[in-house]
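Novice: Predicted coordinates and the sequence they were generated for:
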Amino acid sequence: MIKTCVDWTRHLPAGKFGPHLFPEFEKRAKAVSAEIFRVKTPAEARDVVCNLARFTNARKVVSVSSPLQEAAGIDAALREAGIEVHNDPAAIAEHAPTADIGISGVEFGVAETGSVCQDGYAIESRLVSSLPPLHVAFLDSNLIVPGIIEAFEAISRVFDRGYISLITGPSRTADIERVLTIGVHGPSRFVVVAVDGEQRKGGAAS
């Protein structure tokens, strides 16, 4: 899968990111109706996704793989549960409009707004995160920056072409008679599965 940057961790502002910012990220994300599951291991992440699929009666999933998803064995677990999983770019393009769940990875979180940054250079990443009614995003809980300024510092270091998304909660609009409606222009549910890991060097607050 084409990405704007293969390793975003090298470009996050040194000394300005880390797991100590996760509580603020979680608070802000929940305030805009995102659902947050923080787990310690990939195995726990797999259980979260399988439970979501079961409780939503999901029959079809489109998935853009990330290292955390691969470590958790998400696609295989869903298939074992009898769920149709599509992760080939052509298959994603065909099935994303009718999929029940879209699964992808994100690069880092933003504590100030509860947003996540997604490298959407590959069109399949955009399809998975925008067309199914439920988007599940995998996040390394160590990779949280304080605010938008730091987010754009990282983006400016790697971005010269492509597509970057800052996703903040599920899709919402108040265009029609100023009535807030969820899920009109994108997913009606947005779930972040944050997986703990070893703290990144340079990530501690300075």
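Specialist: Sure, I can see it. Residues are numbered from 1 along each chain as shown.
Novice: so how far is stretch 116-133 off the chain centroid?
Specialist: 9 Å (CA atoms, centre = their mean, to the nearest Å).
Novice: same question but for stretch 72-90, I mixed them up
Specialist: Distance, stretch centre to chain centre, for stretch 72-90: 17 Å (CA atoms, centre = their mean).
Novice: Which residue is the nearest non-sequential neighbour of residue 87?
Specialist: In this structure, residue 87 finds its nearest non-sequential neighbour in residue 63, 4.6 Å apart by CB to CB, 6 or more residues apart in numbering. Glycine gets a C-beta too; all of them are placed from N, C-alpha and C.
Novice: swap that for residue 190, please
Specialist: The spatially closest residue to residue 190, leaving aside those adjacent along the chain, is residue 170, at 4.4 Å (CB to CB, 6+ apart).
Novice: Isn't that neighbour up against residue 30?
Specialist: No. Assessed by CB atoms under 8 Å, residue 170 is found out of contact with residue 30, at 11.9 Å.
Novice: Neighbour count for those two, which is higher?
Specialist: Neighbours per residue (other CB atoms under 10 Å) separate residue 170 from residue 30, with residue 170 holding more: 20 against 14.
Novice: Next one, pLDDT for the residue nearest to residue 87 please.
Specialist: Residue 63 carries a pLDDT score of 96 in this model.
Novice: ditto for the one 4 residues further on
Specialist: Here the pLDDT value assigned to residue 67 is 89.
Novice: list the contacts for it?
Specialist: residue 105 (CB atoms under 8 Å, 6 or more residues apart in numbering).
Novice: let's number from 4 now, not from 1
Specialist: Got it, first residue is 4 now, which makes that one residue 70.
Novice: Next up, phi/psi of residue 116, please.
Specialist: Main-chain dihedrals, residue 116, degrees, to the nearest 10: phi -120, psi -10.
Novice: Number of residues surrounding it?
Specialist: Neighbour tally, residue 116, other CB under 10 Å: 18.
Novice: where are the low-confidence patches of this structure?
Specialist: 174-189, 201-209 (pLDDT under 70).
Novice: For the residue nearest the centre of the chain, which residues are in contact?
Specialist: The centroid of the chain falls nearest to residue 140 when counting by CA atoms, centre = their mean (2.5 Å). Neighbouring residues of residue 140 by CB under 8 Å, 6+ apart: 106, 107, 108, 109, 119, 121, 132, 170, 193, 194, 195, 196.
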